[in-house]
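>>> A predicted structure for the sequence below; I have some questions about it.
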Amino acid sequence: MASSPPALIDTVAWVLIEDGRILCGRPRGKDVFFIPGGKREGGETDLQTLVREVAEELAVELAPESAVHVGTYEAGVPGHDGTVVRMACYTAEYRGVLTASSEIEALAWFGAADRDLVPPVDQLLFDDLAAAGALR
């Protein structure tokens, strides 16, 4: 019997690093922090998804022309066998003041030592950033 293909959760994430730490947010009702971003809707491009999600979560406006792809990662979802998250990661300049929206309960700046506080797909990004010397 052939197994079904894994379910794919297609996401885009904003990588904001300041002073060797990366911005993470914890959604209301969850106990885990994530890199800001979210799921693509309909035929959105990566940048359309990124701009929309970051505006919704953090109340800032990204400058799409400044976006740089830093990597795409895939990892399984704990407790959901056969489900994979794909996360396309971008840096981008922003305008405004970072503010947790009604969706986000808390913001935090994480260093390499905080790796275990984020999901497996985010941990892959943390590992690359730490290896590159971007996270301390």
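Nice, I can see it.
>>> Show me where the protein has its helices.
Taking DSSP state H to define them, one finds helices in the chain at 46-58, 120-131.
>>> Of all those, which one is nearest residue 74?
Closest approach to residue 74 among the helices of the chain (Cβ to Cβ): helix 120-131, 6.8 Å. To be clear about C-beta, it is placed using only N, CA and C from the backbone, and glycine gets the same treatment.
>>> Which residues does the closest one contact?
Contacts with helix 120-131, where a contact means Cβ atoms under 8 Å, 6 or more residues apart in numbering, come from 13, 15, 17, 22, 24, 34-35, 70-71, 73-78, 85-87, 89, 110, 112, 114-116, 118, 135.
>>> List the contacts of the strand ranked longest in the chain.
Taking DSSP state E as the assignment, the strand of the chain that covers the most residues is strand 80-91. For strand 80-91, the external contacting residues (Cβ under 8 Å, 6+ apart) are 3-4, 6-17, 35, 37, 46-47, 50, 66-77, 119-122, 125.
>>> Where strands are concerned, which of these count?
7-14, 17, 37, 68-77.
>>> Now list the buried members of the residues you listed.
The neighbour-count test (16 or more other Cβ atoms under 10 Å) applied to these identifies 9, 11-14, 37, 70, 72-73, 75, 77 as buried.
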